[in-house]
Each structure stands twice: as C-alpha cells, then as structure tokens.
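Peer 1: 3D, please:
(chains A and B)
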Protein chains: 2
Amino acid sequence: MEKEVLIFGHKSPDTDSICSSIVMEYFEKKQGNTNCKAVRLGNVNKETQYVLDYLGIEAPELIEKVEEGQQVILVDHNDFEQSADGIENAKILSVTDHHSIGNFRTAEPLYYTAKPYGCTSTILFEEFKSFGHKIEKKEAVLMASAIISDTLLLKSPTTTEHDKKALEELAKIAEIDINTYGLEMLKAGTDLGDFTAEELVNLDAKKQDKDGTKFVIAQVNTVDIQDVLKRQEELENAMKAEIQKNGLKLIVLAITDILNSNSEIIALGENADEVIQKAFDKKLENNRAFLEGVVSRKKQLLPNIDKSI
Amino acid sequence: MEKEVLIFGHKSPDTDSICSSIVMEYFEKKQGNTNCKAVRLGNVNKETQYVLDYLGIEAPELIEKVEEGQQVILVDHNDFEQSADGIENAKILSVTDHHSIGNFRTAEPLYYTAKPYGCTSTILFEEFKSFGHKIEKKEAVLMASAIISDTLLLKSPTTTEHDKKALEELAKIAEIDINTYGLEMLKAGTDLGDFTAEELVNLDAKKQDKDGTKFVIAQVNTVDIQDVLKRQEELENAMKAEIQKNGLKLIVLAITDILNSNSEIIALGENADEVIQKAFDKKLENNRAFLEGVVSRKKQLLPNIDKSI
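Peer 2: So this is what the prediction gives:
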C-alpha cells in the first residue's frame, strides 16, 4: 500500500489547526482519497482538548518531521517556518489556509485555496457546500469550534460575514448554543495555571522570517490579564531563552483578554522599544504595553510588527 | 471614484495570460466588482493577436508598473519576478494560477486559487460553473483559445482531464471546431520571420530566481525547428546579452515543434553543459540538445532545470 498522505496544521497547534486537519481528512475521504490521515505537529492545548472531550474522540497522532517525498496536505498555515521539519522536501498536494502567504515554495503546481476569512474551517465549510457533501454532526462541532476559537466568538476583527454565516449554520447541525458552548470552550483554554513559563511562551507561538530577520509572536488567552502578569519575570526569562536559542530579533507575547477584547503585550529584543513604538504608537514600560481592542495576531499584531521591524 | 483594480497575467504575456485577464474582468463584474479592468505587461504575440482578431476585440491596455497600494488581481502567475514592477508594494486581492508557487509574499490574507491544471482558463471555467454564471460565446472563445495554447491542443503532458472537459464544453459554446481553429491559432503564433533575435528570445521568457540564482527559460513555438536554427548565431548573441544584462547563471531557449511535440534547446551560461546533462541526461553539442517529447516548460523544462541548477 502506498504511504498515507499526511494532513496537518501549524506547529504549536491551535483549535483551528487540529479541528481543520480532522475535518480535512473526512473531506478528502468523501472526495475518494481514502489513503490519508490527520496528524499534528505539537501538543493539544486545553481549549482543543475540550472540543475533543466533548466529542469523545482522540487527538490526531503526533509527528515531528516528514520524510523526503512524503505527500502532505497543509491546513491553516503555509509558512515553512511553522510547518513540519523537512517540509522543503515533501510533496505538497494542497494547501487550505486563511493567512498571508510567505516563505512558501513548491517545485510543482498544486491545489491552493486561500480566502481572507477568520478561520480555515469556514473555507472548509464552503468546500463541503461547493462539492455537495453533507456535513455530519461531528464535523459541524469541529468546524464550529475552530471558528469560535479563531474569531473569539465572532468578536475578533478578523471575523467576516462568511464566518458568521458558517457558524450559524454549523451550530444548528452541531446542536450547540454558540455562546454557552463557546464560552465554556474558550475558558477551558485560559486555564494556564499548570504550564511552565516556557510552555506558555510556546503554547501558540508563530515564528516569522522576514528576509532573514526572525521574530516570534506568541499569544495566550485569558480572562484575567493581571493574573498572567504575576509571572512576568519568569515569562521574560523564557522569552530571553527563545531569543538566544533561535537567533530572534524580537519576541512578543500577547496576553489576550477574551472577555473584554484587549491585549497586554510583553516585548523583548534588540530594538523592541522602537519596533513597538512604530507599530502601535505605544511606549513600552517595564517591557509591556496595553493594546486596547487588539486581539488578532493575524490582522492586528503581525501586519503592524511586520511593517515596523 | 476609487482607483480601478488592475487584472493582469505575467510579463511576456502568452495567450493564457491575456485571455484569462480579459475573462477575469468579466467574471469579477458578474460577481459585482464593477471597478476593475484587464491590462497587460507586454506585447501581444501573434497567436494571441489571432484570437483577438477572431473576436474583433482590442488588446488590454499596456502598463509598465503598479503604484504603491494599487489593488491588483493576478492571473496565470504568482512569481514577483514575472509580475509588474512595483508588485511588492501593491495590494494583491486575489491570485488565480496553475503554476508552482515561489517568490510570492503578501502582508495580508488574500484569495488564492491554484489548481495543477494545464491552463488558468480551465480554473476560471470551473469558477464560472461553481458560481453559476452563464458563459457567453466571447468568453468561451477566450478560454478555449487559452487552453488550446497552453496544452498545445491537449497534447502537452500538462494536460489534465479538467482541461479536456473544459475545452470540450467551451468549444460548443464558442461554436468552434477545436482542431481547425486550434491549428490555425497555433500556426499564427509560429510566424517568427519578422522578429529580431532579441525579440524572439524575449517573446515568452520566464525569469526564475532560486535563492538568488537567476535563470531564464524562454520558449518559441514553430512548425519547423531547422528554420529557427538557421538563426542560431544571432539568437546566441541575443541570449548572451540577456545574461550580461540580468546577471543570469543560465539561459535556455526552447524551440518547440508543436506538430511533432519535441523541442530543441539552446543553452548558454556558466555551467550550462553540466546543468543540462544533469537535468536531461543529454550532452550539449554546439550549445544545443534535442529533447524528444519535451514541450512543456512548466512540467518538463522548469522542474528538471530547477533541480539541476
């Protein structure tokens, strides 16, 4: 039997990366591509675990790298920095993603479906529709959870009409109340107590490489920013270790209040003061800045920092 | 009024680049995006002119570069090397393409639709279907011509079942006989007599940049390879000038016999012998090699040279 096609989202997987991988496996099988399976590139976070427990399903298998020539399907990312080790020499069959495109290169043509939506699962929802595939309850729970997670219950500025429409329809099939289920799920993800500082910094960290300048934007969700800031010294030490280890120019940790839609950032690096000043017109004090109304890495943190760095 | 969204294909435009730009303008207008127009990044070749004359329509306006912040829609390419000057600072709204992905980067999420088909117009055909838009006769002629051109009448190894199906349906709407119309159109493109050597080398040339190593693969179609080779010395001089001008490591000119589906290549550059040997297991003699069954830059010439260089 030919080797299985592996389907995965980004490193430090979030709920969209895990759920969209699993849904993509179902989708591919409905399309007749039976020899494929969802895998993951890192630990399942507590928010995602809530979803898997709700459905009573196992997390996809953990993989560390892909072999040369391995056939893969990427969801929720395209940047090789955020993908499996060895991705440069894999055969990428398709990408389904909602991020900007960069550090991505293939030797051969492929399927690539990107839409500027709030969530990969919203694109998958439209693919199910477009190919006339029925959406099962389990699939609906997975896609709805991904949308709730990525859009913070439709409150993030990344949210589009497409996400709203998809979530509304998926919630019906999933038989969930969006707010009740959504808040429970998001809160499950904010239980940060038993993580080490190093784990917190790596929980949802995205490496960026801008023409050789490497930087990281990490994010944790909380219902109490002050509670996380109690550990600032410990977090900064972990961030400094990341700078050393990966030769980073900058590392930003966004502590995002999911109830009030604000973020406090901690920023360290060579010109952190200057970069943050230019990006958000805010002075770092004690390495921190409060960014009112900022919750989205993709739409708010990344484009501003990317321009400013 | 807001500035128009510009729609264009690659530099040295071929029939797919021109026809797909025009069709995309119609498609966008059907989608309600009325403030857009097709433009082109270079001269219309004789094959494409045949199509425009057949329909009695004008070529899109020629542009040289795009301003910062200009909203654009790309068809039939993604590589910035092959796109408009200034593309790095434009706002790319969407890409519809059938090539491998490289040298492409955006600051923000976008629509990106790639499929590994023989022609961009085949993807557009499926988009019309998917959105339920009726295909008009003029649109059908444009898309059918692009497919015939890119697949050399469905004989190129890039041809997929999707291209065949699309061309069959489009030919009916266009009221053309595929073979009669197709051969006339392809032959119109092989009339190379009044081009200078420099023009021939640039007629359909694609610049590649592999991690800073620049090379060009140019292609001309003919019904008589020997007839083109009479001008070998003159062509080589023009190729050497390109190497000088653009700091190329390699330049390959493929002279493709569209009737018998073979190519003779002329290759010049630092390690041209070595690269061609490794890519095609063929020794260059008098800077030339005959590649039996090779007609596709995308599927045959580029991947082999890219790996070998």
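Peer 1: which bits of the stretch 201-309 of chain A sit near chain B?
Peer 2: Contact residues, the stretch 201-309 of chain A versus chain B (Cβ under 8 Å from any Cβ of the partner chain): A:298, A:303, A:306-307. (Each C-beta comes from the backbone N, C-alpha and C, glycine too.)
Peer 1: give me that answer again for 10 Å
Peer 2: Within the stretch 201-309 of chain A, the positions lying close to chain B (Cβ under 10 Å from any Cβ of the partner chain) are A:210-211, A:298-299, A:302-303, A:306-307.
Peer 1: how about those, which pair is most distant?
Peer 2: A:211 and A:299 (22.1 Å; Cβ to Cβ).
Peer 1: give me the PyMOL select line for the residues of the stretch 201-309 of chain A next to chain B, limited to the buried ones.
Peer 2: Selection of the buried residues among those in PyMOL, burial being defined by 16 or more other Cβ atoms under 10 Å in any protein chain shown:
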select buried, chain A and resi 298+299+302+303+306
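Peer 1: which one of the residues of the stretch 201-309 of chain A next to chain B is nearest residue B:241?
Peer 2: So of these, ranked by how close each gets to residue B:241 (Cβ to Cβ), first place is residue A:211, at 30.3 Å.
Peer 1: related to what we said a few turns ago, for the residues of the stretch 201-309 of chain A next to chain B, give me a markdown table that also has pLDDT and distance to residue A:61.
Peer 2: Below are these laid out as a markdown table (pLDDT from 0 to 100; distance: Cβ to Cβ, whole Å):
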| residue | pLDDT | distance to residue A:61 |
| --- | --- | --- |
| A:210 | 85 | 33 |
| A:211 | 83 | 35 |
| A:298 | 85 | 27 |
| A:299 | 85 | 32 |
| A:302 | 92 | 30 |
| A:303 | 89 | 34 |
| A:306 | 91 | 33 |
| A:307 | 90 | 38 |
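Peer 1: so which of the residues of the stretch 201-309 of chain A next to chain B belong to strands?
Peer 2: residue A:210 (DSSP state E).
Peer 1: out of the residues of the stretch 201-309 of chain A next to chain B, which comes closest to residue A:39?
Peer 2: residue A:298 (23.5 Å).
Peer 1: so the closest one touches residue A:156, yeah?
Peer 2: Yes - applying Cβ atoms under 10 Å, one finds residue A:298 in contact with residue A:156, separated by 8.9 Å.
Peer 1: shared neighbours of the two, which are they?
Peer 2: Both residue A:298 and residue A:156 are contacted by A:118, A:150, under the criterion Cβ atoms under 10 Å, 6 or more residues apart in numbering or on different chains.
Peer 1: quick check: mean pLDDT across stretch A:117-129?
Peer 2: Mean per-residue pLDDT for stretch A:117-129: 97.
Peer 1: now swap in stretch A:46-62 and tell me
Peer 2: Rounded mean pLDDT across stretch A:46-62 is 97.
Peer 1: run through the helices of chain A in chain order.
Peer 2: A:15-30, A:46-55, A:120-130, A:137-151, A:161-174, A:178-189, A:197-202, A:225-229, A:232-246, A:272-280, A:302-308 (DSSP state H).
Peer 1: make JSON lines out of these and add distance to residue B:147.
Peer 2: Shown next, in JSON lines, are those (distance: least, Cβ to Cβ, whole Å):
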{"stretch": "helix A:15-30", "distance to residue B:147": "27"}
{"stretch": "helix A:46-55", "distance to residue B:147": "44"}
{"stretch": "helix A:120-130", "distance to residue B:147": "22"}
{"stretch": "helix A:137-151", "distance to residue B:147": "35"}
{"stretch": "helix A:161-174", "distance to residue B:147": "31"}
{"stretch": "helix A:178-189", "distance to residue B:147": "45"}
{"stretch": "helix A:197-202", "distance to residue B:147": "48"}
{"stretch": "helix A:225-229", "distance to residue B:147": "57"}
{"stretch": "helix A:232-246", "distance to residue B:147": "47"}
{"stretch": "helix A:272-280", "distance to residue B:147": "46"}
{"stretch": "helix A:302-308", "distance to residue B:147": "38"}
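Peer 1: so what's the residue count around residue A:160?
Peer 2: 19 (other Cβ atoms under 10 Å in any protein chain shown).
Peer 1: same question, residue A:296
Peer 2: 24.
Peer 1: that older thread, the helices of chain A: which one's closest to residue B:261?
Peer 2: helix A:15-30 (34.2 Å).
Peer 1: CA atoms of the closest one as PDB?
Peer 2: What follows is helix A:15-30 as a C-alpha-only set of coordinates in PDB (Å, rounded to 0.1, in the frame of the first residue of the first chain):
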ATOM      1  CA  THR A  15      -8.100  24.600  17.700                       C
ATOM      2  CA  ASP A  16      -8.400  25.600  14.100                       C
ATOM      3  CA  SER A  17      -5.200  23.600  13.100                       C
ATOM      4  CA  ILE A  18      -6.400  20.500  14.900                       C
ATOM      5  CA  CYS A  19     -10.100  20.600  14.000                       C
ATOM      6  CA  SER A  20      -9.500  21.600  10.400                       C
ATOM      7  CA  SER A  21      -6.900  18.700  10.000                       C
ATOM      8  CA  ILE A  22      -9.500  16.200  11.200                       C
ATOM      9  CA  VAL A  23     -12.300  17.700   9.100                       C
ATOM     10  CA  MET A  24     -10.000  17.800   6.000                       C
ATOM     11  CA  GLU A  25      -9.400  14.000   6.500                       C
ATOM     12  CA  TYR A  26     -13.200  13.500   6.400                       C
ATOM     13  CA  PHE A  27     -13.500  15.800   3.400                       C
ATOM     14  CA  GLU A  28     -10.700  14.100   1.400                       C
ATOM     15  CA  LYS A  29     -12.300  10.700   2.100                       C
ATOM     16  CA  LYS A  30     -15.700  12.000   0.800                       C
END
